[in-house]
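S.K.: only geometry, no sequence info:
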């Protein structure tokens with residue numbers, strides 16, 4: 001039997017009432033939400049009652065998804081489930097690093113709040129959006145994005161047949177037509193900007209400056225596979241900070257990340273946080289692996305029993 005990896009959800013998976021049952025079911029999860037409310041009052045209530053539209057604004061999405069991600073992971077650890085490695089999708093990478101010991105919980109949450117503010121500001125300066133393109137391979141999507149215009153970039157390599165493209169509204173409108181003509185399908189992603197693209201360069205620089213003020217990541221207790229390199233985070237704090245800041249404006253190599261985890265002996269993937277997007281991507285990328293979605297207290301209890 002191989003090892004277990006935790007996969008931490010990212011933007012797009014958020015939904016109303018996410019994570020709230022964990023507060024009642026798990027002291028460890030309740031501690032995470034209490035910390036979030038101390039740093040950013042109203043976070044738990046926002047997870048409970050905010051509308052889908054409110055949760056899709058990145059200033060809200062990132063803190064709320066981080067809190068749910070980390071709460072679910074800590075609830076699993078509380079039940080004795082400890083991963084051999086971690087990875088997080090986009091903002092989920094900050095939660096993965098925090099869980100693995102690069103930051104304490106409060107510092108990690110403060111960092112993700114700052115990251116959200118910086119990315120929201122960049123999105124206001126450079127309005128854009130994202131499309132998930134399915135039924136076409138990455139090479140074809142890269143060609144179509146190039147045809148759509150100079151401000152259109154493949155940024156999330158999610159699965160062999162799903163690539164997310166970021167860009168300007170005009171370029172994405174052109175892309176929609178090109179994808180349809182090519183026999184694919186382009187779906188709008190529930191985010192408020194063209195994330196992981198050059199539109200986020202200013203946010204990346206701002207995050208680097210923020211971490212330079214004594215908030216660089218420490219070496220992790222278990223490997224965290226980085227989105228941009230599909231390799232473990234560097235142990236050197238300055239190098240790790242460069243990777244984390246650069247992630248904001250560079251592509252998420254999720255297919256390569258999953259393959260790296262498999263090559264390191266991982267055969268069980270546990271998604272923590274809202275939704276089951278990452279579980280689906282695992283199933284579409286790897287074969288002969290087990291997956292668990294751990295969003296609710298019931299799912300966490302079932303996964304812990306299966307993995308005991």
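M.R.: It's in. Computed from a prediction, not measured in an experiment: that's the story for all the values here.
S.K.: pLDDT below threshold where in this protein?
M.R.: Filtered on pLDDT under 70, the chain yields the residue ranges 1.
S.K.: next, give phi and psi for the residue of it positioned farthest from its centre.
M.R.: In the chain, counting by Cα atoms, centre = their mean, residue 181 sits farthest out from the average C-alpha position, at 30.4 Å. Phi and psi for residue 181, reported as degrees, to the nearest 10, are phi -60, psi -30.
S.K.: do the same with residue 26
M.R.: phi -140, psi 120.
S.K.: so for it, what's the nearest residue that isn't a sequence neighbour?
M.R.: residue 75 (3.9 Å; Cβ to Cβ, 6 or more residues apart in numbering). (C-beta placed from N, C-alpha, C; glycine too.)
S.K.: ok so that neighbour is a helix residue?
M.R.: Yes - assessed by DSSP: H, G, I helix; E, B strand; the rest coil, residue 75 belongs to a helix.
S.K.: ok, it - contacts?
M.R.: 22, 25-26, 28-29, 294, 297, 300 (Cβ atoms under 8 Å, 6 or more residues apart in numbering).
S.K.: before we move on, what about residue 71?
M.R.: 19, 22-23, 26, 28-30, 32-33.
S.K.: can you pick out the most distant pair from the contacts of residue 75?
M.R.: Maximum pairwise distance in those, criterion Cβ to Cβ, is 13.0 Å, between 28 and 294.
S.K.: what about these two, which has more around it?
M.R.: residue 294 (28 against 18; other Cβ atoms under 10 Å).
S.K.: from residue 273, how far out is the more buried one?
M.R.: When distance is defined by Cβ to Cβ, to the nearest Å, residue 294 is 8 Å away from residue 273.
S.K.: what do these two both touch?
M.R.: With Cβ under 8 Å, 6+ apart as the test, residue 294 and residue 273 both reach residue 72.
S.K.: what ranges do the helices span in the stretch 151-300 of the chain?
M.R.: 169-181, 201-211, 237-247, 254-263, 277-285, 297-307 (DSSP state H, counting those that start in this stretch).
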